[in-house]
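**Q** My questions are about this predicted structure, shown below with the sequence.
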Amino acid sequence: MTTASVQRDFAQPTPLGTKVLRWVLGETGIGIALLVLIAIFWISAPSFATPQNIANIQTQITLNTILAAGMTFVILVAGIDLSVGSVLALSAMVAGLVITSGLPDPIAITAAIATAVLVGLGCGFVNGFVSVRWMVPSFIVTLGMLNIARGAALQTTNAAAVFGFPASFNAFGTATFLGVPAVFLVALAVIVVGHLVLTRTVFGRMLFAIGNNEESVRLAGHRTSYYKVAAFCISGALAGLAAIIYMTRLHTSSPIIGQGFELNAIAAVIIGGTSLFGGKGSLIGTFLGACLLGVLTNGLLLLGVGDFARQMVTGAVIVFAVIIDYYRDKASTRLAMGLVK
Amino acid sequence: MNDQIRLRARGVTKRYPGVVALDGVDLDVRSGEVHALVGENGAGKSTLVRILGGVHPPDRGQLTLDGADYTPATPQDALRAGIRVVHQELSALPNLTVAENLFLDGLPNRAGVVSYRELNRAAREMLDLVGLDVLPTTKMERLSLAQTQLVEIARALSSEAKVVVFDEPTATLTVPEKRRLLQLIADLRARGVAVIYISHHLEEIFEICDRATVLRNGETIGTRGIADLTTADLVRMMVGQALVDDHPFPDDVDPGAVVLEVDQLEVADTGSAVSFVVREGEVVGMAGLVGAGRTETVRAIFGADQSRGGTVSVRGRRVHLRSPKDAVRGGISLATEDRKQQGLVLQMGCDVNISLANIDAVSRRGFLRRRAERQRTADVAKQMRVKVGSIGTPVGTLSGGNQQKVVLGRWLFRDSDVLIVDEPTRGIDVGARHEIYGLLANLARRKKAIVMVSSDLGELIGMCHRILVFSRGQIVADIPREQFDQELILTHAYSGYLGTEGGEAALVAAGSSETSNRKRNRQSS
């Protein structure tokens, strides 16, 4: 394959063989792990492969998939967003107040969705702006936002929950389309659109380039701060969208929801092969990472593994994924070197 | 003075990918002598120092210290063997105290608990030795660059050193501090230490050195007693007879209308204002010593670093200098000196790197046109003769020469009126070097205005219509092609550093250390 590649015309896209190899080393590495896991549970847990359980898993991973998608954008530019769980809670509270404000149902629902997304976007903008403008590491800015948004969420109703949402709104949480939970379809749509943005647009290209070498991009004549702030805005806005999904599932908004969600999202991103140092990764990987975490939790539960042991296994999987990533990196470097010769 | 050889190097060779940094270098340094190591930028001095200091092993050749084999694998080995290097780049830890920095290799302690009383007392003695009047408990970051340099020097003197290497030690020092340092070096010599002294300041070399070894292009040109040399001899040895005619000078091009006009641009990093113009089809060189302000000036023109005043215009239109984005829009390109850190996105493909500065040409309404991108960047790569299997190959896997062609390809694809290239052939083998010369000449034929910063005088002389010589941040000479002469250029390059006695010079030195300090702070943030 390598000798053939030298003869190839310059502009030709990567040959299929190389693509397949990259695919196996890349996203599908995690895909194979996911399949193995599914096979194990299928055999050992009789209730695992039932349509009802599959729909359960899809519903369970919806929130994490949406949050992890946003997190992927931020991590691609070598940032981190620790605030998504709290921002979700704040968005849910504000949207909850809007939706119960007595407006006619369709207007109230539309306004609630818009507010949730805008509140999230605003928090994301603050995260991005502060971190770029004053060169504060995003770890610190978003840690601050984690507390600020949580406090603000509690402040809105003095810690009381909000409920009494329109029935049509609540129904969306349990609705299915061709047997697939509607909320999961929303998450899928986020992944598909996000994947197109990352792979097909100038914006996505810039995020990857900035994650790899921001100074080069700046010296090529681009305002890198704009792209970095935008990545945080996307993460925040998706946390707002996740808040709406959460509300349709629980039929209530509570200021204490979403605690620890940021860590699950980061775990999915990392398992999906996105580098914490930025510049490398994909939303497909993130989606598979979220699936793997969801399947693992669900399967272990069906097998009767206790809560505590389950947590330990999940932790081990995260570390293991990073170790695999180390070898995957080395292998693909060798692959690239081979192509030059 | 005794004549015993303390440090001997025979046939030391060091290759980096694509370049031979040292090619069979010989050096003998006696104990009790101050031995100057001189040569142009890139002659191999720093590489030799790194090998002596155990930072890199040589590929070939032998080192002996007091007659025994000396093969340091790490800087610690070098320290243990008694070789101390005062580096050009400072290696102090900013958040520790002066005293802690001085004794980093072995803090005085009792059962692992540091004895601060003992530490600070010993540090006081060492600071007195170099005449530095700061408290040992001062945090390192509060010191000026010159003071930091003195701490570094004190650290080198702290233990029983056999060989002390000074790499440009006076660059940041004021006149009294420099006097003090030269006195310390004389003391070291009296104690029988072998001192290797590297400096651009030739008058210092004539003042304190006993012998000088000249390096050129990684080879030893010769070792002479200082008493047998004049400044002119030394410069001639450094420059050699360069081959001028193997550069494809675009002589068929007559410079036309003014394209780039820089007027009283005050470069923040050097504190000097510069003015010059570059015409259509003209290649203008920038010569000068390392640190003379060439890179700082072109970065300011490009908006990559701050400027405090003055204007830059392209074809009569003023270019704002808030960011490189403004410069690129205004028609200026800069191929930076440091390809890997500031030029390329190493992990990404040649196509991505080439289209990076002109992404609008391969996208529509924010969506990439991948096929068009691949096709058009492949055309550029072909034109640049980039040797690569597939246009999508990550540039990090290419050789230095091919990487540089990708950088130039990016700006070729952008098609700006002004192209500034900073050290375009550094670290590149001869073949690729000539391809790059040919490319620059072709760009001149296509009416581009080209600015070429280079430390390779032969290359500037071969390629340029005019050469601007920088010294201490200022343009001290604007030499037309008819008057090109290596010695003339070098004399101008050194002019800002000569005759540094007196108050005015001290002021300049203080000013430059202040700006360097600022620069350091920025880099650390």
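**A** Right, received. Where do you want to start?
**Q** Now do A:Leu16, the pLDDT please.
**A** A:Leu16 is assigned a pLDDT of 67 by the prediction.
**Q** B:Arg8 belongs to a helix, doesn't it?
**A** No. Read with DSSP: H, G, I helix; E, B strand; the rest coil, B:Arg8 is strand and lies in no helix.
**Q** count of residues packed around it?
**A** Neighbour count of B:Arg8, defined by other Cβ atoms under 10 Å in any protein chain shown: 17. Quick note: C-beta positions are derived from backbone N, CA and C, even for glycine.
**Q** wait, doesn't it sit right on B:Thr64?
**A** Yes. If you go by Cβ atoms under 8 Å, B:Arg8 and B:Thr64 touch, sitting 4.7 Å apart.
**Q** Dump the strand or helix carrying B:Asn120 to CSV, keeping only the CA atoms.
**A** Assigned by DSSP states H and E, B:Asn120 belongs to helix B:116-130. Provided in CSV are the C-alpha atoms of helix B:116-130 (Å, rounded to 0.1, in the frame of the first residue of the first chain):
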residue,chain,number,x,y,z
TYR,B,116,18.0,28.5,55.4
ARG,B,117,20.4,30.3,57.6
GLU,B,118,23.3,28.5,56.1
LEU,B,119,21.9,28.8,52.6
ASN,B,120,21.4,32.5,52.8
ARG,B,121,24.8,33.1,54.3
ALA,B,122,26.6,31.1,51.6
ALA,B,123,24.5,32.9,48.9
ARG,B,124,25.4,36.3,50.4
GLU,B,125,29.1,35.4,49.8
MET,B,126,28.5,34.4,46.2
LEU,B,127,26.5,37.5,45.5
ASP,B,128,29.2,39.7,46.9
LEU,B,129,31.7,37.9,44.6
VAL,B,130,29.8,39.0,41.5
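**Q** For that helix, list every residue counted as buried.
**A** B:116, B:119-120, B:122-123, B:126-127, B:129-130 (16 or more other Cβ atoms under 10 Å in any protein chain shown).
**Q** Let me have the residues you listed in TSV, adding distance to chain A and pLDDT as columns.
**A** As requested, these are exported to TSV (distance: Cβ to the nearest Cβ, whole Å; pLDDT from 0 to 100):
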residue	distance to chain A	pLDDT
B:Tyr116	32	89
B:Leu119	33	90
B:Asn120	34	91
B:Ala122	38	89
B:Ala123	34	91
B:Met126	36	87
B:Leu127	34	89
B:Leu129	39	82
B:Val130	35	81
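**Q** Secondary structure element holding the closest residue to B:His320 other than its chain neighbours?
**A** Using Cβ to Cβ, 6 or more residues apart in numbering or on different chains and skipping residues adjacent in sequence, the residue nearest B:His320 is B:Asp326, 4.5 Å away. For B:Asp326, the host element (DSSP H and E) is helix B:324-330.
**Q** next one: that helix to chain centre, how far?
**A** Put simply, helix B:324-330 sits 26 Å off its chain's centre (Cα atoms, centre = their mean, to the nearest Å).
**Q** State the mean pLDDT of that helix.
**A** 95.
**Q** so what secondary structure elements neighbour that helix?
**A** The contact analysis (3 or more Cβ pairs under 8 Å, 6 or more residues apart in numbering or on different chains; DSSP states H and E) places helix B:324-330 against strand B:307-314, strand B:317-319.
**Q** which one of those strands lies closest to B:Arg15?
**A** Proximity to B:Arg15 (Cβ to Cβ) singles out strand B:307-314 among those, at 39.1 Å.
**Q** Can you name the residue of chain A nearest chain B?
**A** Closest residue of chain A to chain B, Cβ to the nearest Cβ: A:Gly221 (3.0 Å).
**Q** List the contacts of the closest residue to that residue other than its chain neighbours.
**A** Leaving aside its chain neighbours, A:Gly221 sits nearest to B:Val328 (3.0 Å; criterion: Cβ to Cβ, 6+ apart). Applying Cβ atoms under 8 Å, 6 or more residues apart in numbering or on different chains, we find B:Val328 in contact with A:220-221, B:357, B:414, B:416.
**Q** Output the below-cut-off pLDDT ranges for chain B.
**A** Applying pLDDT under 70 to chain B flags residues B:1-3, B:17-19, B:41-42, B:88-91, B:158-159, B:171-172, B:241-247, B:429-430, B:498-525.
**Q** Kindly report the domain assignment for it.
**A** Per the record, chain B has its domains at B:5-239, B:255-331+B:416-499, B:346-415, by automatic domain parsing.
**Q** Distance across the last one, terminal residue to terminal residue?
**A** By that I understand domain B:346-415. Using Cα to Cα, to the nearest Å, the span of domain B:346-415 from its first residue to its last is 22 Å.
**Q** Tell me if it is near chain A.
**A** Yes. Applying Cβ under 8 Å from any Cβ of the partner chain, one finds domain B:346-415 touching chain A at B:346-348, B:352, B:356-357, B:359, B:363, B:366-368, B:370, B:374-375, B:377-379, B:381-382, B:388-394, B:397-398, B:410, B:414.
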